[in-house]
Every structure is written in structure tokens, then in C-alpha cells.
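Enquirer: below is the sequence, then the predicted model.
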Amino acid sequence: PAALAQAAWAKAAGADRFCMGAAWRQVRDGAEFDAVVAMVEGVRALGLEACVTLGMLKAHQAARLAEAGLTAYNHNLDTGPDFYDRIITTRTYQDRLDTLATVREAGIGLCCGGIVGMGEAVTDRAGLLRVLAGMTPHPESVPINALVPVEGTPLARRPRIDPLDLVRMVATARLVLPASIVRLSAGRAQLGREAQILCFLAGANSIFAGDTLLTTPNAEPDEDALLFAALAPRTGAEAMPA
């Protein structure tokens, strides 16, 4: 299958985790879900961690994914509870929290974060982090996304976020979620190398790699290689050429 070929490529490129997503509001039993379970098993057989994002799901579906070896389930809260209903109408904030609880009860790790730059206030960003920090245990993985305005959507005319706002979000996430893996996700390609480096210095641990993230462009592999080369520790001899 194409997904497993991509997973093999990702492993060869140095990835530790392979993430798969479906544009579903909620999981439905049947051939499509069976195929996802098989893909999770295939990714795990390659020696990679496996993560999926499928929308809302029931306890027996979470149990099937756990049995297949799923490492983490991605289900973002997107923003703080006070701003949420200005952005999302397809499910409630409590629906999302219930899904996260179902995943946790199945013994699967949580990948849960949000998006900045949608018009929310700083207090809404703090509200998102407050909810995440109130979970016991904290989500193992916390993706921080910057909005990528897409033509034809209600947020198409939103100005691009100030890169330092993303740095501040990462730094605050690191303070209140000390053991979580903070991942730079969608929108990082628009930041530039220096802002991404600042995010790592502020506490980010990881990136989402790949040519696209759902429907938005992502950084090219060679750009990521240059980013990590710039982040690598250097000896005095390397830093000060003769």
C-alpha cells in the first residue's frame, strides 16, 4: 500500500513516528476502518511509532487501534474553550474532550495541541494550554500549528502570525507541559529558518515532516536538513575556522 511505502521512506529519512489521517467527523466500523487498522499494524512492523487522526471514535474502536499497536491518537482541541465555537461548528469542545478520554482509557498516547493565528486573543491561547495542563497525565505530544490561510475558507484573509507569537506559544507550552513533546506542525514553513530555530531554543522538540500537512504545504526535506544542521552542537574548532 502507498501508506506503507511512505512510512518506509519516512523511516529511511530519519523519522521516528508516522502519522496518518482521514477526513472523517467520526470513525465508522467497516472496510475503511479495517484498512486503517491494517496500516497501523504495517507501520509498527516497520519499527516506527504509529499515529492516526480519524475524528471522534467509540471505545471498541479505540480498543482495536490499541490492539493493533497504535502509539498515539491525534485529536487537537484547536483553541481555548471560550473561542472554540467561533471556529468549529461540527462538534463541541466536550465532544473533543470525550474523544481524548476514550483514547486515554484504551491505553493509547495523546497527541493534542492547537492552532494560533485564527483571530484568537492571547487569553484564548492560554486557555488552550490551561486545558492541556489540567489533563492527568499531560498529552505525550503537543503539536503547535500556525494558521495557513487557504483561499475559499472563512479565514482566508487572516494576516500571517508574527513568528514571535509562535515562539511565545512554544515557550509557554514548555513551561506548563514539561514532559510533553512539543512539535512544530503546520505553518512552520512560512516562519523561516531563524524563527524555527528560536522555537527549538524556546522548547520545541520535534517537527512534522512531509511535503504537505493535510492540505497545506510543508518545508522541503532539504530545508529541514539545513535546519537541523544549524541546530547541531558545534565544537570550538568548527565554530571558529582558522
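Expert: All right, it came through fine.
Enquirer: make sure V52 is indeed in a helix.
Expert: No - going by DSSP: H, G, I helix; E, B strand; the rest coil, the assignment for V52 is strand, not a helix.
Enquirer: how many neighbours does the closest residue to R64 other than its chain neighbours have?
Expert: Of all residues not flanking R64 in the chain, V37 sits nearest, at 5.7 Å (C-beta to C-beta, 6 or more residues apart in numbering). C-beta here means a position set from N, CA and C on the backbone, and glycine is covered the same way. By the measure other C-beta atoms under 10 Å, the count of residues near V37 is 17.
Enquirer: now V37, what's its secondary structure?
Expert: What three-state DSSP gives for V37 is helix.
Enquirer: mind listing what it touches?
Expert: R64, L65, A68 (C-beta atoms under 8 Å, 6 or more residues apart in numbering).
Enquirer: who wins for neighbours among these?
Expert: L65 (23 neighbours).
Enquirer: name the SS class of that one, please.
Expert: helix.
Enquirer: so it sits against K58, correct?
Expert: No - counting by C-beta atoms under 8 Å, L65 does not reach K58; the two are 11.0 Å apart.
Enquirer: so the most centrally placed residue in the chain bridges to which residues?
Expert: Taking C-alpha atoms, centre = their mean, the centroid of the chain lies closest to P143, which sits 3.5 Å from it. Using DSSP bridges, the bridge partners assigned to P143 are R183.
Enquirer: from A106, how far off is the residue nearest to R64?
Expert: Distance of V37 to A106, given as C-beta to C-beta, to the nearest Å: 13 Å.
Enquirer: what ranges do the helices span in this protein?
Expert: Along the chain, the segments classed as helices by DSSP state H run 2-12, 31-45, 59-68, 93-105, 122-133, 163-176, 193-202, 221-231, 236-239.
Enquirer: give the buried residues for the second one.
Expert: So the one you mean is helix 31-45. Buried residues in helix 31-45, defined by neighbour count with 16 or more other C-beta atoms under 10 Å: F33, V36, V37, M39, V40, G42, V43, R44.
Enquirer: again with stretch 94-103
Expert: Neighbour-count burial for stretch 94-103, counted by 16+ other C-beta under 10 Å, picks out D95, R96, L97, T99, L100, T102, V103.
Enquirer: shared neighbours of V37 and A106, which are they?
Expert: Residues touching both V37 and A106 (C-beta under 8 Å, 6+ apart): L65.
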